[in-house]
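Visitor: Please work out how this folds:
(chains A and B)
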Amino acid sequence: DTGVSQNPRHKITKRGQNVTFRCDPISEHNRLYWYRQTLGQGPEFLTYFQNEAQLEKSRLLSDRFSAERPKGSFSTLEIQRTEQGDSAMYLCASSLPGKKLVSPLHFGNGTRLTVT
Amino acid sequence: DAKTTQPTSMDCAEGRAANLPCNHSTISGNEYVYWYRQIHSQGPQYIIHGLKNNETNEMASLIITEDRKSSTLILPHATLRDTAVYYCIVISNFGNEKLTFGTGTRLTIIP
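Guide: Got it, this is the predicted structure:
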C-alpha cells in the first residue's frame, strides 16, 4: 500500500507533555497538508507545505504547534505543552497539484490524540 | 463563511440509489465542486469533482445544475460500506487553495 501513512495511530498523553506526529506522504507528492478534526466536525485546515516550504498556517495553529518538512518528504507535527483542548484527530494529506487544476487530496487515517 | 449547504443526515436502503444534494449558490466561474467521504475512523476519501458538466467514475456520478448553484452526488447501488459522512466542497481551480470542510451529510445505508 503506497498511501499516506501516519504514525502513531493513537497517542495518549498527560496535559503539559510534548507530542510529535509523523506523516509520510505518497512519494512524488510535493504538497502536504495537516488538518485537525474534533468529534462531529469536519476537518479543519492547519497548515500546508509545498516541498519543504511551509506556505500557509491557519490561525488555529498556535505557537505551541510547529510543523516541519525538512527534506520535502515526510513531515512532523509537534505540539508543546499539550492542553485538553488539543484532543482531536490529526490528519495528514498529500497531493500533486497540476498547473491548472486542484489535485485531489489523499488523506492518511490520522493520529488520534487524547490529552488527559 | 460556508460556501456549501448540505442536509445533516440521510438514510438510504441498501441496493437503492443514494442521492446527496448540495447547495452552492455563491459559486463562481472558476470554482469546482468536489466530493469527499469519510468512513468512520478513516481519513477523508476523494470521490469525484466537476466544473459544469456531469461526471461519472467508478464510485459515483455528479450532477451539476445548469446554473451551477447546486449539485447531487449519486451512489447508484448503495452498499453498507457506503455508510459515511459525505462532504461537498467548492474550491477554485487556481491550485493554491486548501479544502474547507463543512459538517457534511451523514449517510446511513439501511440493510
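
Visitor: Stretch A:41-56 and chain B, any residue contact?
Guide: Yes - part of stretch A:41-56 sits near chain B under the criterion CB under 8 Å from any CB of the partner chain, namely A:41-45, A:48, A:55-56. Placement of C-beta: from N, CA and C, glycine included.

Visitor: Buried subset of these as a PyMOL selection?
Guide: The PyMOL selection below is limited to those of the residues of stretch A:41-56 next to chain B classed as buried (16 or more other CB atoms under 10 Å in any protein chain shown):
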select buried, chain A and resi 42+43+44+45+48
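
Visitor: quick check, nearest of the residues of stretch A:41-56 next to chain B to residue B:11?
Guide: residue A:42 (20.4 Å; CB to CB).

Visitor: how long is stretch B:80-100 from one end to the other?
Guide: 27 Å (CA to CA, to the nearest Å).

Visitor: Quick check: buried residues in it?
Guide: Neighbour-count burial for stretch B:80-100 [16+ other CB under 10 Å]: B:82-91, B:98-100.

Visitor: That stretch - what's its average pLDDT?
Guide: The average pLDDT within stretch B:80-100 is 86.

Visitor: the strands in chain A, which residues?
Guide: Shown for chain A, the strands assigned by DSSP state E span residues A:5-7, A:10-13, A:19-24, A:31-37, A:44-50, A:53-57, A:65-68, A:75-79, A:88-95, A:106-107, A:111-115.

Visitor: hang on, the earlier thing: same list (the buried residues of stretch B:80-100) but as JSON lines, adding distance to chain A and secondary structure.
Guide: As requested, those are exported to JSON lines (distance: CB to the nearest CB, whole Å; DSSP: H, G, I helix; E, B strand; the rest coil):
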{"residue": "B:82", "distance to chain A": "18", "secondary structure": "helix"}
{"residue": "B:83", "distance to chain A": "16", "secondary structure": "coil"}
{"residue": "B:84", "distance to chain A": "13", "secondary structure": "strand"}
{"residue": "B:85", "distance to chain A": "8", "secondary structure": "strand"}
{"residue": "B:86", "distance to chain A": "11", "secondary structure": "strand"}
{"residue": "B:87", "distance to chain A": "6", "secondary structure": "strand"}
{"residue": "B:88", "distance to chain A": "11", "secondary structure": "strand"}
{"residue": "B:89", "distance to chain A": "9", "secondary structure": "strand"}
{"residue": "B:90", "distance to chain A": "11", "secondary structure": "strand"}
{"residue": "B:91", "distance to chain A": "5", "secondary structure": "strand"}
{"residue": "B:98", "distance to chain A": "5", "secondary structure": "coil"}
{"residue": "B:99", "distance to chain A": "6", "secondary structure": "coil"}
{"residue": "B:100", "distance to chain A": "7", "secondary structure": "coil"}
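
Visitor: low pLDDT regions in chain A?
Guide: Residue ranges of chain A with pLDDT under 70: A:1, A:98-102.

Visitor: how about the residues of it near chain B?
Guide: So chain A meets chain B at A:4, A:33, A:35, A:40-45, A:48, A:55-56, A:91, A:93, A:97-110 (CB under 8 Å from any CB).

Visitor: quick check, distance from stretch A:56-72 to the centre of its chain.
Guide: For stretch A:56-72, the separation from the chain centroid amounts to 9 Å (computed by CA atoms, centre = their mean, to the nearest Å).
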